[in-house]
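J.: I would like the atomic coordinates for the input below:
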Amino acid sequence: MANEVLTVGQCYAADRFAEEHGVPSLTLMENAGRVVAEAVQSRYPTGSAVVLCGPGNNGGDGFVAARHLQKAGWIVRVALLGARGALKGDAAEMAKRWDGAVLPLSPAALEDANVVVDALFGAGLGRPLTGEAKSVVERLNDSACPVVAIDVPSGLHGDLGRGLDDTVVKADLTVTFFRKKSAHVLMPGALSCGDVVVADIGIPETAIAPIGSTLFENGPQLWVKQYPWPHPSAHKYSRGHCVVVSGKAHATGAARLAARGALRIGAGLASVASPPDAVAVNAAALTAAMVKPFKDAKDLTDLLSDKRVNAVVIGPGTGAGHETREFVAAVLSSAAAVVLDADALTSFQDHPTALFRIVREPAVLTPHEGEFERLFPGLLAKSQNRIEAARTAANAAHCAVVLKGPDTVIAAPDGRAIVNTCGVPTLATAGSGDVLSGFIGGLLAQGLDSFQAAAAAVWLHAKAAARFGPGLISEDLPELLPGVLAVLKDELDGRIAHPSRTGR
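T.: Got it, this is the predicted structure:
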């Protein structure tokens, strides 16, 4: 599986593994520089390239890239931060193999370049850019010149997913090696990376096992084998029954969106549990989903005692307060898998530990950053990044947590985490989160575990939005999902019919 996302330290461990298993570090550097040069050639017409080299191994990669570009017919200039004679180790050796001139690093070195290769600093940079490096990066970012970054754009921290200050190279393409790092998948760092290419430089795939990565980039490879495609012998009850708890008459739309999402993603039945004043409006608006009246928490408990109800979504439109807390307790006392969203989370902002005492698996919390802050005050600010915050939250809540955003993070209590990188800006529309809750609930109803259900739903939700483009509203999302599922199923069937496509 190539979905692993590694820390900077884990990438260094992979390099060491390669060396210990017969791949010299000099060979890794030669391969790295060569694939960068190939990426430049494949994307841009032959012209004039400026390679900005730093004093470490990232600069060594740059010298190799310069040599290969020159051999391919490019006019290449190398600008070095520091003295050539001060280079050490593999970087010094690669500098010796470069037979062209080496200019001092300065903004003037950028003149007349068709492409700039950023080989100043890699993912392990621990301090903000200063001096000439800062000046050059600022000039580069003000220019329209395309930039190809090696490993990560200079100024970007590989683990934090953000710059160490505001000065970060804005790359059009980033070429990294073996696996992505957090900086490639987390905002705002991912925006600085442009397109990301993960290149093979000779590190054996067997290096991944001893690393034991628990962080992944979301994609079907993580969950498609368990995806609940309808079985020929299925009936509606075997495909699960998801109940969505509605708000009062003036706030029923969110629950209906969630119920529609649960049905579209495959739940055999969906019902909207409605307070007395909401029964008529929900009954008038719903067709495929049923309406289940309830008056209070006891009524809701009785409704959910039906063993055929195996998933519940609560929070969209329910209103925040004591009554919703009672409803949440009733839902969590049932045997069903549970999705807690929106008002179900906000209702516990003054009593988060009360929620954590009753939450149990299978359950998924789906907060956006505001709701996350209410349940876990200060956690985002003191965490290294959103991944660490989501992991800590999942551990505290004893269930899966979906920290929503442009780089949605799905975390499990055992420390596993997934970052979704296919989100689109059009999802920033009212009700899209309600549909997502329904997608998760529908998958839970069909038997996926909470972590996989959340990951699959988040990916499918984003892909559905991407199919539509500008003008998307939340009602569109359930109707777009069948097309996404059809493409996914066709691709899966194609891989099964042609096993060689899987690489096995």
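J.: isn't residue 273 up against residue 247?
T.: No: Residue 273 lies out of contact with residue 247 (Cβ atoms under 8 Å); the separation is 10.6 Å. C-betas here are computed from N, CA, C, even on glycine.
J.: neighbour count: those two, which is higher?
T.: It is residue 273, of residue 273 and residue 247, that has more neighbours when counted by other Cβ atoms under 10 Å, with 27 against 21.
J.: the particular helix or strand that has the more buried one in it - contacts with which helices or strands?
T.: Assigned by DSSP states H and E, residue 273 belongs to strand 269-274. Contacts defined by 3 or more Cβ pairs under 8 Å, 6 or more residues apart in numbering; DSSP states H and E place strand 269-274 against strand 241-245, helix 253-264, helix 279-285, strand 290-293.
J.: ok, now how distant is residue 288 from residue 261?
T.: Relative to residue 261, residue 288 is positioned 12 Å away (Cβ to Cβ, to the nearest Å).
J.: correction: the previous question concerned residue 267.
T.: 9 Å.
J.: mind checking which of the two has more residues around it?
T.: residue 261 (32 against 29).
J.: which residues touch the more buried one?
T.: Counting by Cβ atoms under 8 Å, 6 or more residues apart in numbering, residue 261 makes contact with 434, 435, 436, 437, 438, 439, 441, 442, 477, 478, 481.
J.: which ones among these map onto helices?
T.: Among the contacts of residue 261, the members falling in helices (DSSP state H) are 434, 435, 436, 437, 438, 439, 441, 442, 477, 478, 481.
J.: excluding its backbone neighbours, what's nearest the fourth one?
T.: Right, residue 437. Closest residue to residue 437 apart from its sequence neighbours, by Cβ to Cβ, 6 or more residues apart in numbering: residue 341 at 4.3 Å.
J.: wait, isn't that neighbour in contact with residue 315?
T.: Yes: applying Cβ under 8 Å as the test, residue 341 and residue 315 come out as touching, 3.7 Å apart.
J.: report the set of residues contacting both of these two.
T.: 366, 437.
J.: more neighbours, these two?
T.: residue 315 (34 against 30).
J.: contacts only, for the more buried one.
T.: 245, 324, 339, 340, 341, 342, 343, 344, 345, 366, 437.
J.: check these for burial and list the buried ones.
T.: For the contacts of residue 315, a burial check counting by 16 or more other Cβ atoms under 10 Å picks out 245, 324, 339, 340, 341, 342, 343, 344, 345, 366, 437.
J.: ok, those residues vs residue 360, which is closest?
T.: Taking Cβ to Cβ as the measure, residue 340 is the one of the buried ones among the contacts of residue 315 closest to residue 360, at 11.6 Å.
J.: got the phi and psi for the residue nearest to the closest one when sequence neighbours are not counted?
T.: Nearest residue to residue 340, sequence neighbours excluded (Cβ to Cβ, 6+ apart): residue 365, at 5.1 Å. Dihedral pair for residue 365: phi -100, psi 140, per degrees, to the nearest 10.
J.: go on, residue 72?
T.: Main-chain dihedrals, residue 72, degrees, to the nearest 10: phi -80, psi 0.
J.: would you map the strands across the stretch 251-400 of the chain?
T.: According to DSSP state E, counting those that start in this stretch, the stretch 251-400 of the chain carries its strands in the segments 269-274, 290-293, 311-314, 337-340, 363-365, 400-403.
J.: tell me the domain ranges of the protein?
T.: Here the domain parsing of the chain from automatic domain parsing is 5-213, 232-497.
J.: got TSV for the ones you listed, with mean pLDDT too?
T.: Output for the domains of the chain, formatted as TSV (pLDDT from 0 to 100):
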stretch	mean pLDDT
domain 5-213	97
domain 232-497	97
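J.: those domains: which one's closest to residue 224?
T.: Nearest to residue 224, of those and by Cβ to Cβ, is domain 232-497 at 6.0 Å.
J.: show me how far that closest one is from its chain's centre.
T.: Put simply, domain 232-497 sits 18 Å off its chain's centre (Cα atoms, centre = their mean, to the nearest Å).
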